[in-house]
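**Q** pasted the sequence and its predicted model underneath.
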Amino acid sequence: MDVQSVSHVSAVNISEKHGRRGATKHYGLCKSDSRYMDRPGMEGVYFIRFPQFHREPEKCTRWANACRREHFTALSVKKDTYICSLHFKGGRGPTEEYPDPIPATATKYELDKFVRSKKRPLMRKSLTRSPEPKRKKSDLVDKNFVEIKAAGVPPDMDHHITNHDAVQAAEALLMLQNSENERVNIVSDGQKGPNIQDQHSMLKNSCDEETQTSSCCLTLNESLALKLENFQLKSKISELEKKCIQSKALSIDDVKTDDKKMTFYTGLTYGQFMCLWKFLGPATRNLSRINYSRKLELTPSKSRGPKRKLSPEDELFLTLVRLRLGLLHTDLAYRFSVSVSTVNDITSTWIQFLYLQFNRLRSAMFPSRRIITKHLPKSFRKYRNVRVILDATEFFTQVPRNYEQQGNLYSSYKNHCTCKVLIGITPSGAISFVSDVYEGAISDKEIFKKSKIMDKINPGDLVMVDRGFNVRDILLQKGADIVIPPFLGNRTNLSQEEEAQTRVIAKLRIHVERVIERIKKYKICKKIVPLNTLSTFSQTVFIVACLVNFQKPIVK
């Protein structure tokens, strides 16, 4: 069996040591041959087995590269591959100080470099220091805090520095001291470290990286001032981010200074809104939200859960926006940065609360003749006994599948399914009467009877109506009468007196139509009313009518 070797190895020596035969030359121009041990220069020469690649791959690769033979790599090494001892430092084979062979083609300069790189570093005596007792981090931070205060900062930044910023700077200084102590410990333990010049260059580079300046010659005061300023700017940025997130939510504070915006969102100016707020009283602070899927929530002061995101003023503002603009709950949730369920709870609660508060004034809304006469406009001097001006208005509804219900809701005047409400105002333009919601097929005379407005009429009162309300016979039973435009009847023309009377009545009766127009500016009333909300639509119309009363009067 042939034995690969870097040098020629005699069969005798191989058989004596390893029981192998044969040799092949691989190391440079080596002429060592175990068959001719008596030649000059072969005294004390022996052959060393190559390290195996699968056991010591790095060492095997270094040895193979040192041979400088073509097509001979670490993968070519086998268990019978040897190298001559002359190719190591001193010619005595590998030693602990020089474990690798010298490269075969090394020049004198490379040989000197190889020898210098293999020298072991000198052992230094370790400095014996008595161990210091460990101190708590809080104590060290307090010490650095005192040092920072003693170091001082520029006078233009002193009023911006807080204790929190100083503590953070003290912690940063403590970390710097710990890193410096670790560096000193490494050098003192005898480990290899950079020299003074290298440390100076490393320190300069680190300063350049941190401050991005061409010079790092900063005093302690300047560096601390910069750190504290950095902390302050970061805290200001975080506060501004929080304010930006909060400012995205719509609030009454965003529009209360602009009457146009306030009127657009609520139909009221901010002064009128505050009048409404005072009218509702202190109960606004102790409302329990209505939620049909779970129990009633406790008041904010007694609740153990999370704090409500909206204040009571903003909850009322949200409800008015819902009534005025008719926005969907999802849209309101986006605008006010709350959940859809929260919007549903808020609107349901406040609509019920508003209705209860306004409903207490339903009887007081219909003033006596004495009060009406006291505030009677000049245009009504001819009709001083007018107690109320009546008119009916209709709101579109969904078309039901039931044909009987569809026939009851169908209005021949609107050619659509509607619901009808009777509205009454005083001569000064204030809404004094709002009936419940009735089906659209009901006549004006029938709604006059069912609305029970006759319970509020006294003898001698006048009721101003349109031609559709021919209810004189009903009013005469109570000693009252109506003011109605004259009918043409079988005649072709009205007389001059009747035409003049018609113009005067129409001019006075127009105020009720203007009030109805104000009601319908609340888009919640202009939408098609769902059939499942008809039972509560009477409350909505009544609330909107009461909100119109908080606006400026129509008649001066």
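**A** That came through, no problem. Numbers count the residues shown, from 1 in each chain.

**Q** quick one, strands of the protein?
**A** Assigned by DSSP state E, the strands in the chain fall at 47-49, 82-84, 386-396, 410-411, 416-425, 431-434, 438-439, 462-464, 481-483.

**Q** strands paired with the second one, and their directions?
**A** Just to be clear, that refers to strand 82-84. Applying DSSP bridges, strand 82-84 is found paired with strand 47-49 (antiparallel).

**Q** show me which residues of the partner strand are buried.
**A** For strand 47-49, the neighbour count (16 or more other CB atoms under 10 Å) marks 47, 48 as buried. Backbone N, C-alpha and C define where each C-beta goes, glycine included.

**Q** tabulate the strands of the chain (TSV), appending distance to residue 369 and mean pLDDT.
**A** Formatted as TSV, the strands of the chain follow (distance: least, CB to CB, whole Å; pLDDT from 0 to 100):
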stretch	distance to residue 369	mean pLDDT
strand 47-49	130	83
strand 82-84	131	82
strand 386-396	6	94
strand 410-411	34	93
strand 416-425	14	95
strand 431-434	12	95
strand 438-439	28	94
strand 462-464	10	93
strand 481-483	14	92
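
**Q** any idea which of these gets closest to residue 513?
**A** Nearest to residue 513, of all the strands of the chain, is strand 386-396, at 6.5 Å by CB to CB.

**Q** of the strands of the chain, which is nearest residue 542?
**A** Once these are compared by CB to CB, strand 431-434 is nearest, at 4.9 Å.

**Q** neighbouring strands - and their directions - for that closest one?
**A** Counting by DSSP bridges, strand 431-434 is paired with strand 416-425 (antiparallel).

**Q** the partner strand vs strand 386-396, what angle?
**A** 160 degrees (axes from the mean of the first three to the mean of the last three CA atoms, to 10 degrees).

**Q** got a pLDDT number for residue 50?
**A** Residue 50 carries a pLDDT value of 83.

**Q** can you tell me the closest non-neighbouring residue to it?
**A** Spatial nearest neighbour of residue 50, excluding adjacent residues (CB to CB, 6 or more residues apart in numbering): residue 81 at 4.3 Å.

**Q** how much space separates that neighbour from residue 70?
**A** According to CB to CB, to the nearest Å, residue 81 stands 16 Å off from residue 70.

**Q** who has more neighbours, the two?
**A** residue 81 (23 against 6; other CB atoms under 10 Å).

**Q** so residue 439 bridges to which residues?
**A** Residues in beta-bridge contact with residue 439 (DSSP bridges): residue 419.

**Q** from residue 407, how far off is it?
**A** Counting by CB to CB - residue 439 and residue 407 are separated by 9 Å.

**Q** what of residue 248?
**A** Counting by CB to CB, the gap from residue 248 to residue 407 is 50 Å.

**Q** looking at this structure, which helix or strand is least sure?
**A** helix 11-17 (a mean of 37; mean pLDDT, DSSP states H and E).

**Q** what's the longest helix in the chain?
**A** In the chain, taking DSSP state H as the definition, the longest helix is helix 220-247.

**Q** so who does residue 527 touch?
**A** 326, 396 (CB atoms under 8 Å, 6 or more residues apart in numbering).

**Q** for it, grab phi and psi.
**A** phi -70, psi 160 (degrees, to the nearest 10).

**Q** residue numbering should commence at 22 henceforth.
**A** Sounds good: first residue 22 from here, last item residue 548.

**Q** where does it land on pLDDT?
**A** 90.

**Q** what's the answer for residue 314, then?
**A** pLDDT, read off for residue 314, is 52.

**Q** isn't the residue nearest to residue 71 right up against residue 69?
**A** No. Between residue 102 and residue 69 there is no contact under CB atoms under 8 Å: 10.2 Å.

**Q** residue 538: neighbour count?
**A** Neighbours of residue 538 (other CB under 10 Å): 12.

**Q** oh, I was asking about residue 482
**A** 19.

**Q** and it, what pLDDT?
**A** 93.

**Q** pretty sure it contacts residue 504?
**A** No. Using CB under 8 Å, residue 482 is not in contact with residue 504, being 10.5 Å away.

**Q** report the set of residues contacting both of these two.
**A** Shared contacts of residue 482 and residue 504, counting by CB under 8 Å, 6+ apart, come down to residue 407.

**Q** what's the separation between residue 534 and residue 122?
**A** 114 Å.

**Q** the two: which is more packed in?
**A** Per other CB under 10 Å, whichever of residue 534 and residue 122 has more neighbours is residue 122, with 26 against 15.

**Q** pLDDT weak spots in this protein?
**A** Scanning the chain with the threshold set as pLDDT under 70 gives 22-50, 52, 129-239, 241, 266-268, 312-327.

**Q** so for residue 460 and residue 428, which sits in the more crowded spot?
**A** With neighbours defined as other CB under 10 Å, residue 460 and residue 428 compare such that residue 460 has more, 18 against 12.

**Q** contacts only, for the more buried one.
**A** 429, 430, 440, 441.

**Q** could you verify my assumption that the second one touches residue 458?
**A** No. Counting by CB under 8 Å, residue 430 stays clear of residue 458, with 10.8 Å between them.

**Q** which residues do those two both contact?
**A** Common neighbours of residue 430 and residue 458 (CB under 8 Å, 6+ apart) are residue 440.

**Q** and the closest residue to residue 374 other than its chain neighbours, how far from residue 463?
**A** Once flanking residues are discounted, residue 374 sits nearest to residue 308: 6.2 Å by CB to CB, 6+ apart. Applying CB to CB, the value for residue 308 to residue 463 is 36 Å.

**Q** over to residue 427?
**A** 15 Å.

**Q** who's more crowded, those two?
**A** The neighbour comparison of residue 427 against residue 463 (other CB under 10 Å) goes to residue 463, with 20 against 13.

**Q** what's near enough to touch the more buried one?
**A** Residue 463 touches 441, 471, counting by CB under 8 Å, 6+ apart.

**Q** any idea how far it is from residue 533?
**A** Taken as CB to CB, the span from residue 463 to residue 533 is 19 Å.

**Q** tell me where the stretch 22-171 of the chain has helices.
**A** 32-38, 78-88, 129-138, 158-172 (DSSP state H, counting those that start in this stretch).

**Q** quick one: contacts for the nearest residue to residue 557 once chain neighbours are set aside?
**A** Closest residue in space to residue 557, ignoring its immediate chain neighbours: residue 372 at 8.0 Å, by CB to CB, 6+ apart. Residue 372 sits next to 340, 557, 560, 561, 564 when contact means CB under 8 Å, 6+ apart.

**Q** quick one: which of those residues is nearest residue 243?
**A** residue 340 (57.2 Å).

**Q** residue 308 versus that closest one, what's the distance?
**A** In terms of CB to CB, residue 340 sits 11 Å off from residue 308.

**Q** now do the shared contacts for these two.
**A** residue 371.

**Q** which one's more surrounded, those two?
**A** Set side by side, residue 340 and residue 308 show more neighbours around residue 340, with 22 against 19, by other CB under 10 Å.

**Q** hang on, that one packs against residue 371?
**A** Yes. Using CB under 8 Å, residue 340 is in contact with residue 371, at 4.0 Å.

**Q** so what's residue 378 up against?
**A** 300, 301, 302, 304.

**Q** let's see that with 6 Å instead.
**A** residue 301 (CB atoms under 6 Å, 6 or more residues apart in numbering).
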